[in-house]
Every structure is written in C-alpha cells, then in structure tokens.
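Colleague: can't give you the sequence, but here's the structure:
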C-alpha cells in the first residue's frame, strides 16, 4: 500500500507518497502556474505512482464541507486564476478516497502524528510567513466548523507606534495577518524580514502582535501545545520574545503548569520541509 | 429514570431534574453562600429526589480534566471562599455518574439539544453579563482542550475614546470581559446597563467590542450559529448593533450565505431562565 499527498501552495506544489511504514518514498516539486497546467501535472504523477488514498492540503480559503455545492474548491483566494477552482474533481478519475483540507490543518496533523505534537489531543499549528494561518486540532480531530477557521485574521490590538500603518490585508485594519505577516513586515519597513534580522525594534513589535495571538489561541482553544512554523519564525530571537510577551500578557490568569512551562509549550515544528506533504498524505490515510 | 442537574452560579444555584421525556419535573433555587452550606443543600436535594445521573455546570475557572489531580475543583476564582473547592467530591456518595463542566458549556449544550442551536454540529454560546464567557461546541462535542476555553478574556482592540479606562479584570488591560461586561459598563459610567438603556453612545461602544468578539469567534471557530445570552443582551437594540458591527468588521472576507444571513446567524437563546439547569442536566445525561 502507498499513500499520496499534495501540498498545494501559492508558489509551489509538492507531490509525494509514503509506503506502509510511513517512509517518504518520493517527492517532486512543481511551480504553481495555471490551475489546469499545475493540477494536470499532479494527476499525471499519481497515475504513474499508484496510491491507495490522496490527501490535498491547500492554500485557501477553501471549501472542505462535503455537503456543500462547492466542496473541493479553492474559493475566494486573491491569487489570480485560482478563484473558484474545483481542485478535487481533477483527481476523481484516480478513483481513490480523497481528503481535501487547508494547508495548515494538513501541517498540524503531520506534527500531531509524527512531530512536535505527537500523542497530544489538542494542538494548534501556526504558520507565520507570507500570510498567517492556523491549523486547529481539538478532541483528537481537525476543526472545520461551517467552513474552516481563519484564525490568522483574528482582530487584535494595534500598537500605538503602528497606528498609521496600513497593512496588506484588504479586508481588515487590525487583523493579525495584516500586522504581523512577512508581507506586513516588508510593507512597513520596505525590507524583508531577513534583512531586518538584527533590528530589535522590528521584533519587539512583531512579538507584541504574535504574543497577543498566542494569548488568544490559549484562551480560545486551551491547547496542550502550540507549534509555530513559517518563514518569519526563522529568526531565532523571535520565538523567545513571543514567549516573553505571551507570559506578560496572560499575566498569571491561567494557572496551568503545562502552559506556564512556556519553553516546552510554544515550540518550533519538527518535520521541517517535509511537514506539508507528510501532513497531506496523513489527511488521505485517515480515510482508509 | 430521572436526570439531575446543578447550575452553580456565583450568586445563586439551581438544582432540578427531568424525567425520561426531558420534562423538567422540579427545580429549586438556593443562594450561593459558603461552599459547604451550599453544596450540602444541593446534595440533600438529590438524596430526596433520586436521579440516575448528575450534571454540574459551574462558574469558574474549573478543572474538568478527569486525568488531573484537581479534577472537579473550582480553581482560581476570585470569589471569596470558593477558590480550590472540590465540588464533585461532595456528590460522590450519591454513587451515580457525574459530569462537571463550565456554566457556559452547559448552557451551550442545552441550546444545542433543545434551543436555538438544535440539530447543529458547531455552535458558540456566549453570555454577556456580570462576566463574559463562551461555551464552545465543535464537531458535535463540547470543547475543553487542556482545561477549558476562556474566550471571554480574548484580547481585542481598545477604542481610542476608551483608552484611559481601567476595566474590572485584574489580569488584562484590553480583554473582552474588562471592556464589555456588565461590570465594565457599571465601572465606566457609574450606572448599571439598565439605567443606560437609552444612551446610544454606551451601546455604540459596547457593540464595537462585541462586534470584534463576534468576528473573532467566526474566524476562530467557524460556527454554524452564535447564540448570545446574559443580562447585558436584554437591551433590544444591542443585538442589532452587534450584527451591524460584525458585518462591517468582517468586511466581506467570509463568503458564506449562512454567516452573512446575520439575522439568523447571531441570535438570542431560546431556553430562557431554565437554560442553565437544562444544560446541566444534559451534561449528566450524556454519561448514560
């Protein structure tokens, strides 16, 4: 038995499959061009490499609700040509069980099964990159609700020194993504996060926002662990600052040894570059 | 078969029980005095009125985690004499299955089974009263996570005209409860919410905060319905303002007919004064 997965990202797509022992046998990377060109290449890959299930972890917003008319679609994405694309239908001729979920839910599931969240029942996985998104795993299940959570757009307090900043999110003045994503950093300083690596004031402000996000995740979901990935988190000092801000903002309200052991509570992902495709494969495997 | 429930509130406690047809046969109200006095009276009630299960829906924070040393306790409440009280142990001699959860999770379950959330799988119940709390029901289950959500303390944006206000929450400068609870209104204006009924600026500010809370609930949980109860919601104009602010703040980001049909999406509870005890009874029934 082999199990397939597609990590469908805005700039690149990773297809891969594992064997029965969860070993990643092969993976390929395809640039994200037009939906037709890109998805046809993915399909060809799985016609060549036969698998028993397929998981698709996609950028979004998506419609993962099987009872909906637009199930399997990428819906209102701002990415040109990808709005209202019926992703799942491309793979129907493979005639295997297909799971379709958000990229962050996929990555969250991967970390729960094989990474930093192994063995836990309630885990939040956040990616702080070009955009910001969270995968939510509660009561041993991924959370979808009506559509799927959009926790990356939660409204938070804008810092006074930042009050004239207009972030990149076209919808919200003070959502997390518009204030703290990599795109936001680039817009605010006209430099990339990497080029601002040693500028302390940048990371003080960034952690002010991410600290609020952590507090809200703790209060909203009461997770056993929070895992933070994504390009912005590559700054080694940032995680430390985020932890400090989280503890300061919680201000002793939550009496939990597990949460207050903050170094083991907010952690980096363990699966590295393969997290996305491994999570996608796991989404599909759960159907069997 | 009869099923018992206790709604354990900070000022009063309701004990009651239903028959097999979910009819409420009897209920009594007891003032909340010392833990011993109050809980002994509850126990006596259920020694007289025999039931097959008992659900306790309590003010908190509580410890509902069965694997924890302090399972069944009210933990870090500021209410005098009630900190670290082992509630569940009082009822062990009844020798029946006992469920222990938050008051808001109880009320949420009651509304899901018999009220405004009937038949749905993902429902948020919020109470906007002396304090603010939310019961969270996702994937057909109440959410606990590590402890239980404390969504009422989510951090939000403080309004500029409110920036010097110091709210009643001793932990957070800009949490929802400190900015929008009944206690907060009383502290800000030196009048009760009822005496401010016709003061539009009060309800504009209140709905600015509750609108943010609704947006964050929608983004964090993607519920099928949000039910808002509690004393502050007794102002008939408030719900309308909250809906307006929610739509304005979402700003078209979420494309869902169900959510954008806001009049049927954010609603008042249906169970009225019996919601708490009916929810508590239901918590217990689920164990059988």
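Modeller: Everything's here; your move. It should be emphasised that the depicted structure is a prediction, and the values quoted were computed from it without experimental measurement. Numbering: from 1, shown residues only, chains lettered A, B, ... in the order given.
Colleague: Identify the residues contacting the residue nearest the centre of chain A.
Modeller: By C-alpha atoms, centre = their mean, chain A has its centre lying nearest to residue A:104, at 2.6 Å. Neighbouring residues of residue A:104 by C-beta atoms under 8 Å, 6 or more residues apart in numbering or on different chains: A:125, A:126, A:127, A:133, A:134, A:135. C-beta coordinates here come from the backbone N, C-alpha and C atoms, glycine included.
Colleague: Angles on the backbone of the fourth one, please.
Modeller: In this case it means residue A:133. phi -150, psi 160 (degrees, to the nearest 10).
Colleague: List the beta-bridge partners for it.
Modeller: Residue A:133 has these beta-bridge partners by DSSP bridges: residue A:127.
Colleague: confidence score at the one residue in the stretch 151-288 of chain A that gets nearest to chain B?
Modeller: Residue nearest to chain B within the stretch 151-288 of chain A (C-beta to the nearest C-beta): residue A:222, separated by 3.0 Å. pLDDT, residue A:222: 97.
Colleague: Might one say that it is in contact with residue B:153?
Modeller: No - if you go by C-beta atoms under 8 Å, residue A:222 and residue B:153 don't touch, sitting 11.7 Å apart.
Colleague: ok so, going back, let me know the closest of the contacts of residue A:104 to chain B.
Modeller: Among the contacts of residue A:104, residue A:134 lies closest to chain B (C-beta to the nearest C-beta), at 8.5 Å.
Colleague: Contact partners for that closest one?
Modeller: Residues near residue A:134 by C-beta under 8 Å, 6+ apart: A:104, A:108, A:124, A:125, A:126, A:127, A:149, A:151, A:152, A:217.
Colleague: follow-up on the earlier one: OK, contacts around the residue of the stretch 151-288 of chain A closest to chain B?
Modeller: Residues counted as contacts of residue A:222 (C-beta under 8 Å, 6+ apart) are A:122, B:143, B:144, B:145, B:146, B:147, B:148, B:149, B:150.
Colleague: Share the number of residues neighbouring the residue lying closest to the last one once chain neighbours are set aside, please.
Modeller: Nearest-residue entry for residue B:150: residue A:219, 4.5 Å, with adjacent residues in sequence omitted and distances by C-beta to C-beta, 6 or more residues apart in numbering or on different chains. Residue A:219 sits with 23 neighbouring residues when counted by other C-beta atoms under 10 Å in any protein chain shown.
Colleague: looking at this, residue A:219 is in a helix?
Modeller: Yes - under DSSP: H, G, I helix; E, B strand; the rest coil, residue A:219 falls within a helix.
Colleague: which residue packs closest to the residue in the stretch 1-150 of chain A that chain B sits nearest to, ignoring adjacent ones?
Modeller: Per C-beta to the nearest C-beta, residue A:145 is where the stretch 1-150 of chain A lies closest to chain B, at 3.0 Å. In this structure, residue A:145 finds its nearest non-sequential neighbour in residue B:222, 3.0 Å apart by C-beta to C-beta, 6+ apart.
Colleague: how's chain A carved up into domains?
Modeller: Listed by automatic domain parsing, the domain ranges of chain A are A:3-106+A:273-285, A:118-268.
Colleague: for those, which one sits closest to residue B:280?
Modeller: The closest of the domains of chain A to residue B:280 is domain A:118-268. By C-beta to C-beta, the value is 20.8 Å.
Colleague: Ends of that closest one, what's the gap?
Modeller: Domain A:118-268 has an end-to-end distance of 13 Å (criterion: C-alpha to C-alpha, to the nearest Å).
Colleague: so how far is that domain from its chain's centroid?
Modeller: Centroid separation for domain A:118-268 versus its chain: 12 Å, with C-alpha atoms, centre = their mean, to the nearest Å.
Colleague: Which stretches in the stretch 101-250 of chain A count as helices?
Modeller: Ranges of helices within the stretch 101-250 of chain A are A:103-114, A:176-180, A:182-189, A:200-221, A:236-250, based on DSSP state H, counting those that start in this stretch.
Colleague: Looking at these, which is nearest to residue B:8?
Modeller: Comparing these by C-beta to C-beta, helix A:200-221 comes nearest, at 21.8 Å.
Colleague: Tell me where the stretch 51-200 of chain A is predicted with low confidence.
Modeller: Across the stretch 51-200 of chain A, nothing is flagged by pLDDT under 70.
Colleague: Any residues of it in contact with chain B? List them.
Modeller: Taking C-beta under 8 Å from any C-beta of the partner chain as the contact definition, the stretch 51-200 of chain A meets chain B at A:61, A:75-76, A:122, A:138-139, A:141, A:143-151, A:153-158, A:171-172, A:174.
Colleague: Which ChimeraX command selects the buried ones in these?
Modeller: Buried members of those, defined by 16 or more other C-beta atoms under 10 Å in any protein chain shown, are picked up in ChimeraX with:
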select /A:61,75,76,122,138,143,144,145,146,147,148,149,150,151,153,154,155,156,157,158,172,174
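Colleague: Could you tell me which of the residues of the stretch 51-200 of chain A next to chain B belong to strands?
Modeller: Members of these lying in strands (criterion: DSSP state E): A:138, A:141.
Colleague: Tell me who's in contact with residue A:182.
Modeller: Per C-beta under 8 Å, 6+ apart, neighbours of residue A:182: A:128, A:129, A:130, A:192, A:193, A:230, A:231, A:232.
Colleague: sorry, that was for residue A:118
Modeller: Listed by C-beta under 8 Å, 6+ apart, the contact set of residue A:118 reads A:111, A:112.
Colleague: Now it. Its backbone dihedrals?
Modeller: Dihedral pair for residue A:118: phi -50, psi 130, per degrees, to the nearest 10.
Colleague: What's the local residue count around the nearest residue to residue A:193 once chain neighbours are set aside?
Modeller: Spatial nearest neighbour of residue A:193, excluding adjacent residues (C-beta to C-beta, 6+ apart): residue A:185 at 4.9 Å. Neighbour count of residue A:185, defined by other C-beta under 10 Å: 25.
Colleague: I'd say residue A:185 and residue A:206 touch.
Modeller: Yes - with contact defined as C-beta under 8 Å, residue A:185 reaches residue A:206; the gap is 6.9 Å.
Colleague: what sits in contact with each of the two?
Modeller: residue A:232.
Colleague: Between the two ends of stretch A:101-120, how far is it?
Modeller: Stretch A:101-120 stretches 20 Å from its first residue to its last (C-alpha to C-alpha).
Colleague: ditto for stretch A:76-96
Modeller: Length of stretch A:76-96, first residue to last, C-alpha to C-alpha: 27 Å.
Colleague: does residue A:71 sit in a helix, a strand or a coil?
Modeller: Three-state assignment for residue A:71 (three-state DSSP): coil.
Colleague: roughly how far apart are it and residue A:86?
Modeller: 9 Å (C-beta to C-beta, to the nearest Å).
Colleague: I figured residue A:125 hits residue A:269, correct?
Modeller: Yes - Residue A:125 lies in contact with residue A:269 (C-beta under 8 Å); the separation is 7.3 Å.
Colleague: Quick check: residue A:28 is in a helix.
Modeller: No - counting by three-state DSSP, residue A:28 is not found in a helix; it is strand.
Colleague: nearest residue to it other than its sequence neighbours?
Modeller: Spatial nearest neighbour of residue A:28, excluding adjacent residues (C-beta to C-beta, 6+ apart): residue A:15 at 5.4 Å.
Colleague: is the one you found in a bridge, and if so with what?
Modeller: What pairs with residue A:15, by the bridge criterion (DSSP bridges), is residue A:6, residue A:28.
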